[in-house]
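Trainee: next come a sequence and a model predicted from it.
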Amino acid sequence: MGEVKLHGFWASPFSHRVIWALKLKGVEYEYMEEDLSNKSQLLLQYNPAHKKIPVLVHRNKPVAESLVILEYIEETWPENPLLPLDACDRAMARFWINFGEQKGPVFFNLFRTTGEAQEKTGEEVAQILKTIEEKALGDNNFFGGNTLGLVDLSFGWLPHWFEVTEQVQGTKLLDPTTLPRLHAWAQNFKQVPVIRDNLPDPQKLSAHLKRLRGNLLKN
Amino acid sequence: MDKQSEVVVFGTWASPYCTRVTLALKLKGIPYQYVEEDLTNKSELLIQYNPVHKKVPVLVHEGKPIAESLVILEYIDEFWNNCPKLLPEDPYERAKVRFWANFYDQKIAPATLSLIKCKGKERERAIADCEELMKVFEEGLERDYQGKSPFFEGENISYLGIVVGSGSCNYQAFNEAVAVTFDAEKHAAFVSWVEDLKAHPLMKEMLPPHDKLVAKIRHKFSLSPEPQA
């Protein structure tokens, strides 16, 4: 105890990726909630390059960037592996994690636009979701196969966060009729105990996202 | 299948992302076959091997394709886990190199590309953005590597040497062809790391030839053959 600390933010899906990984591995940690409008000296000292959460601190050494943190957790606590053993399968997992990271800005565009601009972005997002469903998930229960893995954690913002965001931004892209397998995965994902017990309150999240979107649309 | 064709790399000679892969294979002594792609007329094979992005580089090993340069580097290091290693052994050191590789790909490279494409007032803003990022990058690397070059691991080129060097070692070609992408005088440490890396025999072998690259960059960014006054 005290050996592992996590600086995070309650509404952040990036923060939650790290929480889920630590919990899946049974790693005890101390959580420090950051006020993003008034970041702690510690956070700024631990992540001077980005000044962002999440930051994992292990034995006083900080690791920043959620996907870098996930790989660090996987290597430091190898029990309950979250990546496949085979090098080729690991490469495929990393490919899809990278794909999600590359496409993040498109989803953000959806969030901060309205009308025609949003509609156009919506078409792009629909394509991305289709690719994820057909090529990354396929017929598996999870991206990791039969069990949860790092790819599932990296897409863990689609269930819950994207669902709430869709209500706020007025879209209906992650739909059971157009994306039955991805939609099913999202529901299954949220039922996994570690995930289910570590999600932000949906009402609080909705209010937070409404505020954020309001600010973005003003500018 | 003979040893030579066991590993195939699809790439383009001017792409630093492709240089990352061929450099890594050479460093580890892995024989490979190289296929030069014409990006204006991509081969059927490339599209088949990388249907999601349709980009280079792609590494094909025993018929299985792997795309995205950083994913390929991790694969190479894991499958051929002989020395020299591409990534450090220690998880914390690995996190550091992954962090800075990510910073370079997510921040430095796009900002540099923006700068090259911008004109007029936008370019001023882009120069300032690049400068700010370079400052963070250089200071961060100095702090994390205690002033030593992050581009070497002993005598061998390190992971960051491969990832960052493949692009940054071409800075003079970019300066000549399009624009000064960072102020060398403000970044003496970074420039010294890059120059040391450029002098390494393997880097000399694998980097694209300067003049050819200058012409290519000019053509790519549709500039006149004469440099700006």
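Mentor: Received, thanks. Residues are numbered from 1 along each chain as shown, chains lettered A, B, ... in the order given.
Trainee: excluding its backbone neighbours, what's nearest A:D175?
Mentor: A:H183 (6.7 Å; Cβ to Cβ, 6 or more residues apart in numbering or on different chains). For every residue, glycine as well, the C-beta is placed using N, CA and C.
Trainee: with A:L110 instead?
Mentor: Once its chain neighbours are removed from consideration, A:L110 has its nearest residue in A:T121; the separation is 4.8 Å (Cβ to Cβ, 6+ apart).
Trainee: host element of the spatially most central residue of chain B?
Mentor: For chain B, the residue whose C-alpha lies nearest the mean C-alpha position (Cα atoms, centre = their mean) is B:S166; its distance is 3.1 Å. Secondary structure assignment for B:S166, by DSSP states H and E: helix B:159-168.
Trainee: any buried residues in that helix, and which?
Mentor: Residues of helix B:159-168 classed as buried by neighbour count (16 or more other Cβ atoms under 10 Å in any protein chain shown): B:Y159, B:L160, B:G161, B:I162, B:V163, B:V164, B:G165, B:S166, B:G167, B:S168.
Trainee: distance-wise, check the third one relative to B:T22.
Mentor: Taking Cβ to Cβ, to the nearest Å as the measure, B:G161 falls 14 Å from B:T22.
Trainee: check whether stretch A:60-78 contacts chain B.
Mentor: Yes - part of stretch A:60-78 sits near chain B under the criterion Cβ under 8 Å from any Cβ of the partner chain, namely A:K61, A:V63, A:A64, A:E65, A:L67, A:V68, A:I69, A:E71, A:Y72, A:E75, A:T76.
Trainee: and the pLDDT at B:K121?
Mentor: In this model, B:K121 is scored at 86, pLDDT.
Trainee: residues from chain B in reach of chain A?
Mentor: Counting by Cβ under 8 Å from any Cβ, the residues of chain B that sit close to chain A are B:51-52, B:61, B:64, B:66-68, B:70-72, B:74-75, B:78-79, B:91-92, B:94-95, B:98-99, B:102-103, B:136-137, B:140.
Trainee: the spatially closest residue to A:G156 that is not a sequence neighbour is in what secondary structure piece?
Mentor: Counting by Cβ to Cβ, 6+ apart, the nearest residue to A:G156 once its immediate chain neighbours are dropped is A:R17, at 6.0 Å. Here A:R17 sits within helix A:13-24, counting by DSSP H and E.
Trainee: which elements pack onto whichever helix or strand comes after that helix?
Mentor: The C-terminal neighbour of helix A:13-24 among helices and strands, as given by DSSP H and E, is strand A:30-33. Contacting strand A:30-33 under the criterion 3 or more Cβ pairs under 8 Å, 6 or more residues apart in numbering or on different chains; DSSP states H and E are the following elements: strand A:4-8.
Trainee: what about the strand it packs on, average pLDDT?
Mentor: In the prediction, strand A:4-8 has an average pLDDT of 98.
Trainee: contacts for that strand next, please.
Mentor: A:15-16, A:18-19, A:22, A:27-34, A:40, A:42-43, A:46, A:53-58 (Cβ atoms under 8 Å, 6 or more residues apart in numbering or on different chains).
Trainee: export it as PDB, just CAs?
Mentor: Extracted C-alpha coordinates of strand A:4-8, given in PDB (Å, rounded to 0.1, in the frame of the first residue of the first chain):
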ATOM      1  CA  VAL A   4       1.000   2.500  -6.200                       C
ATOM      2  CA  LYS A   5      -0.800   5.700  -6.700                       C
ATOM      3  CA  LEU A   6      -3.100   6.800  -9.500                       C
ATOM      4  CA  HIS A   7      -3.900  10.400 -10.300                       C
ATOM      5  CA  GLY A   8      -7.200  10.500 -12.100                       C
END
